[in-house]
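1. okay, predicted coordinates and the sequence, questions at the end:
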Amino acid sequence: MPTLTRLASMILFGGLTYLVGMRYQMLYDDPPEALSGNLFLAVIAAAVGWYFVGPRIDRSYFRSVTVVLQGYIATLFGALFLYGFYDAFTKGYAMQYRNFDDAINGVMTVSAEHLMRMLDQDFMIFIALLTVTIAVVITTIYRTAEARRLAR
């Protein structure tokens, strides 16, 4: 059922994850100029915000932080899975992968490179601050909406 909390989760997760994608691109030695990866990441994050984070938010700020953190982990794994699926098909079609084992090894190698790049301290602090910010805003919206609903 659509709720204000789900909508806020979708918008905050999608919008702020777009900024995370831009910040992630700055971790490259030669940052890519295309922003399509950021948009891809934002769409996945918006879906996670709507289907996973929004329904699980309640009155507890601490629980909301853990739910938002789980949402970011789900976004990461979802993005890596879909990117790996895309990479396996495009490179397989271009004959860069000879068989399924090469494709799996290539996808795992690329995923590991992305994960190692993300372990930058400033990037992790940025993610932590966004996680707390999103949790506080969404929980406050939930509390406000719930108080208005109960006041009727």
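-> Arrived safely, thanks for sending.

2. okay, the nearest residue to I141 once chain neighbours are set aside and R23: tell me how far apart.
-> Nearest non-adjacent residue to I141, counting by C-beta to C-beta, 6 or more residues apart in numbering: A8, 4.8 Å away. (Glycine included, C-beta is placed from N, CA and C.) Going from A8 to R23 by C-beta to C-beta, to the nearest Å gives 22 Å.

3. between the two, which has more neighbouring residues?
-> A8 (22 against 16; other C-beta atoms under 10 Å).

4. could I get the full set of helices for this structure?
-> Remark: helices assigned in the chain by DSSP state H are 4-25, 36-48, 54-56, 61-93, 100-118, 121-151.

5. give me the buried positions along the first one.
-> Applying a neighbour-count criterion of 16 or more other C-beta atoms under 10 Å, one finds 4-6, 8-10, 12-14, 16-18, 20-21, 23-24 buried in helix 4-25.

6. tabulate the helices of the chain (TSV), appending mean pLDDT.
-> Output for the helices of the chain, formatted as TSV (pLDDT from 0 to 100):
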stretch	mean pLDDT
helix 4-25	91
helix 36-48	91
helix 54-56	91
helix 61-93	86
helix 100-118	84
helix 121-151	91
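
7. surely G21 and V43 touch.
-> No: with contact defined as C-beta atoms under 8 Å, G21 does not reach V43; the gap is 10.7 Å.

8. can you pull the contacts of L80?
-> Residues in contact with L80, defined by C-beta atoms under 8 Å, 6 or more residues apart in numbering, are 111, 114-115.

9. what are the contacting residues of stretch 101-121?
-> 24, 27-28, 80, 83-85, 87-88, 91-92, 96-97, 124.

10. buried set for it?
-> Neighbour-count burial for stretch 101-121 [16+ other C-beta under 10 Å]: 103, 106-107, 110-111, 114.

11. of these, closest to G49?
-> Using C-beta to C-beta, H114 comes nearest to G49 of the buried residues of stretch 101-121, at 21.0 Å.
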